[in-house]
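Asker: 3D, please:
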Amino acid sequence: MKILSAYGLVLIVCVICGAAGYELYARLAMPFKVERHFESAKIWIQNHTLDPASSVIDKTFKREVSSHPYGLFRTNTKIDISVISLNEDVGVRNFSVRTNNAGLLSESDYSFERDPDTPEYRIAMLGESFTGTVTATYQWVDTLEQLLNKNHEFLDFLKVKRVRVLNHGWVGGGFQTFWREYDQTGRHFSPDLNVVNYLELDFPRKVGPQMTDPDEMVQYAAEHLRKLNDEVKTFATVMPDRPHIEDMDKILAKTNQLKALVPEIDIFDMREHLDLPDPIVAAQTWFNIPHDYHYSDRGGEFYSRAMAKVITRQIMGEEHDYSQYTTKHFDEVVGEGKPITRNIRNSTHKLSNVPEEFRKMVDYVIDSYIESRMYRSDLYLMDALTRSGYDGVTPPFHLPLTGAFHKFTYANGEEALMNIFCTKPPLNLHNPDCYTYMHTYVNTN
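Answerer: Residues are numbered from 1 along each chain as shown. From the prediction side, this is the model:
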């Protein structure tokens with residue numbers, strides 16, 4: 001009995017030592033994990049948010065905001081972004097887009113009312129940030145509209161004077177958002193056609209925590225596509241991200257399931273309609289990598305032509321070639337020696353000239369991450385045992401997240417607000433349950 005008691009005591013001591021060793025290792029390894037996470041850090045410097053309501057950013061910078069009751073975003077606002085890499089070989093890329101009078105992303109103003117003297121065919125383009133992008137210098141949806149209006153045979157078939165393509169793209173959207181885009185804004189334009197332009201990665205998204213059950217995701221998407229199709233004739237297109245262009249045979253598993261659930265709605269894999277003589281070159285030049293993973297201006301030019309082909313075939317029942325049509329910015333970004341996204345100077349560009357100030361920001365974030373995660377009260381051992389998924393650096397999108405801002409000062413005492421998101425309070429970078437992509441808002445007035 002004494003021997004058994006001794007073994008039991010030894011076992012308990014071993015378990016305690018093992019647990020203590022794991023805990024010590026997890027905490028001492030955290031600086032290396034955090035440093036590795038931020039080693040290719042980039043800071044997003046942005047002047048305005050899209051939010052139609054006045055936000056903490058506007059109050060801090062004492063700005064007035066205007067919006068339209070049917071719009072998705074604030075109206076008549078120039079959104080400037082500079083993505084700054086602290087790696088001198090990567091440098092800075094500037095973007096600038098505009099919201100129009102209706103609070104949608106377009107260089108063109110939209111009218112909710114129809115002009116009887118100028119009959120038009122209206123297409124509501126529903127999607128997420130690959131459809132309504134802020135990391136470009138113009139919208140590919142505007143380019144699509146230009147292409148369709150250059151096709152006089154298409155206009156004659158529709159018996160209209162012009163086609164209007166309404167850009168309802170919404171950053172971070174999923175199928176629930178696509179319905180909301182139509183319900184809140186699109187229906188007020190009385191569109192003749194809905195096009196849902198989505199990515200395979202959109203399936204988990206909804207308001208609140210992301211879905212994790214693949215079958216639930218597909219059912220959810222089918223439900224919202226049916227709702228859209230019940231309102232207005234709808235078809236869908238799967239826009240390829242970079243991995244789906246690098247591997248043209250990559251299977252769209254959830255899309256294939258979705259097709260089986262909604263056979264009444266046509267869904268197109270857009271890889272089959274893109275002019276892709278060399279997928280590797282396309283993967284390198286159609287995206288703003290390494291600054292951003294969305295389509296470059298050049299990628300938008302080619303994608304808009306593929307979309308024009310699909311729309312024309314759906315409506316007319318015949319193929320039309322749009323490769324020979326010129327558009328407003330085509331010659332600026334397509335061709336040997338041309339930039340993949342136009343080189344512009346925007347209101348945030350001047351701030352990229354003070355990289356030492358942003359280096360201080362990055363160092364502050366890294367130090368805050370390390371300190372908060374090394375000395376957190378929760379045990380890393382419990383995270384491992386419960387499979388919570390907490391690793392200190394990866395945002396847990398399967399959990400409810402609360403957004404907030406962490407205030408900094410940079411050159412000349414100017415204020416900057418860095419976007420953070422947390423699973424629990426307090427809402428600041430000293431909390432080990434808060435995360436940031438270093439998306440920072442500044443005042444450029």
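Asker: you'd agree Lys328 is up against Gln146?
Answerer: Yes: using C-beta atoms under 8 Å as the test, Lys328 is close enough to Gln146 to be in contact (6.4 Å). Bear in mind the C-beta positions are built from the backbone N, C-alpha and C, glycine included.
Asker: So the two - more neighbours on which side?
Answerer: Each of Lys328 and Gln146 has its neighbours counted (other C-beta atoms under 10 Å); Gln146 has more, 19 against 11.
Asker: quick one: the more buried one and His329, what's the gap?
Answerer: 10 Å (C-beta to C-beta, to the nearest Å).
Asker: How about Leu144?
Answerer: Distance, Leu144 to His329, using C-beta to C-beta: 13 Å.
Asker: These two: who's more crowded?
Answerer: A count of neighbours by other C-beta under 10 Å puts Leu144 above the other of Leu144 and His329, at 26 against 18.
Asker: can I assume the more buried one sits in a helix?
Answerer: Yes: the assignment for Leu144 (DSSP: H, G, I helix; E, B strand; the rest coil) places it in a helix.
Asker: Make sure it is actually in contact with Val165.
Answerer: Yes: counting by C-beta under 8 Å, Leu144 sits close enough to Val165 to count as a contact (5.3 Å).
Asker: low-confidence ranges in the stretch 151-300 of the chain?
Answerer: Within the stretch 151-300 of the chain, no stretch has pLDDT under 70.
Asker: Alpha carbons only: can I get stretch 376-395 in PDB?
Answerer: Taking Å, rounded to 0.1, in the frame of the first residue of the first chain, the C-alpha atoms of stretch 376-395 are listed here in PDB:
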ATOM      1  CA  ARG A 376      -2.000  36.400 -19.200                       C
ATOM      2  CA  SER A 377      -4.000  34.900 -16.300                       C
ATOM      3  CA  ASP A 378      -5.600  32.100 -18.400                       C
ATOM      4  CA  LEU A 379      -3.500  28.900 -18.700                       C
ATOM      5  CA  TYR A 380      -2.200  27.800 -22.000                       C
ATOM      6  CA  LEU A 381      -2.500  24.200 -20.800                       C
ATOM      7  CA  MET A 382      -6.300  24.700 -20.600                       C
ATOM      8  CA  ASP A 383      -6.400  26.000 -24.200                       C
ATOM      9  CA  ALA A 384      -4.500  22.900 -25.300                       C
ATOM     10  CA  LEU A 385      -6.800  20.500 -23.400                       C
ATOM     11  CA  THR A 386     -10.000  22.200 -24.400                       C
ATOM     12  CA  ARG A 387      -8.900  22.800 -28.000                       C
ATOM     13  CA  SER A 388     -10.000  26.400 -27.800                       C
ATOM     14  CA  GLY A 389      -7.800  27.300 -30.800                       C
ATOM     15  CA  TYR A 390      -6.100  30.200 -28.900                       C
ATOM     16  CA  ASP A 391      -2.500  30.600 -30.000                       C
ATOM     17  CA  GLY A 392      -2.000  34.300 -29.100                       C
ATOM     18  CA  VAL A 393      -1.700  35.600 -32.700                       C
ATOM     19  CA  THR A 394      -4.500  34.100 -34.900                       C
ATOM     20  CA  PRO A 395      -7.800  36.000 -34.600                       C
END
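Asker: Buried ones in it, by neighbour count?
Answerer: The neighbour-count check on stretch 376-395 (16 or more other C-beta atoms under 10 Å) flags Arg376, Tyr380, Tyr390, Gly392 as buried.
Asker: again, but for stretch 144-158
Answerer: Across stretch 144-158, burial judged by 16+ other C-beta under 10 Å covers Leu144, Glu145, Gln146, Leu147, Leu148, Asn149, Lys150, Asn151, Phe154, Leu155, Leu158.
Asker: Can you read off the pLDDT for the fifth one?
Answerer: At Leu148, the model reports a pLDDT of 98.
Asker: quick one: contacts for it?
Answerer: Phe154, Val163, Val165, Ala308, Ile311, Thr312 (C-beta atoms under 8 Å, 6 or more residues apart in numbering).
Asker: Distance check, it against Phe32.
Answerer: Counting by C-beta to C-beta - Leu148 and Phe32 are separated by 53 Å.
Asker: same check, this time on the first one
Answerer: Between Leu144 and Phe32 the computed distance is 47 Å (C-beta to C-beta).
Asker: Could you dump the buried residues of stretch 376-395 into CSV and include distance to Phe405 and pLDDT?
Answerer: Shown next, in CSV, are the buried residues of stretch 376-395 (distance: C-beta to C-beta, whole Å; pLDDT from 0 to 100):
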residue, distance to Phe405, pLDDT
Arg376, 22, 92
Tyr380, 28, 87
Tyr390, 23, 79
Gly392, 21, 84
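Asker: ok, so of those, who is nearest Asp269?
Answerer: Asp269 lies nearest to Tyr390 out of these, by C-beta to C-beta, at 36.5 Å.
Asker: tell me the SS of the closest residue to that closest one other than its chain neighbours?
Answerer: Nearest residue to Tyr390 in three dimensions, chain neighbours excluded: Asp383, at 4.4 Å (C-beta to C-beta, 6 or more residues apart in numbering). Assigned with three-state DSSP, Asp383 falls in the helix class.
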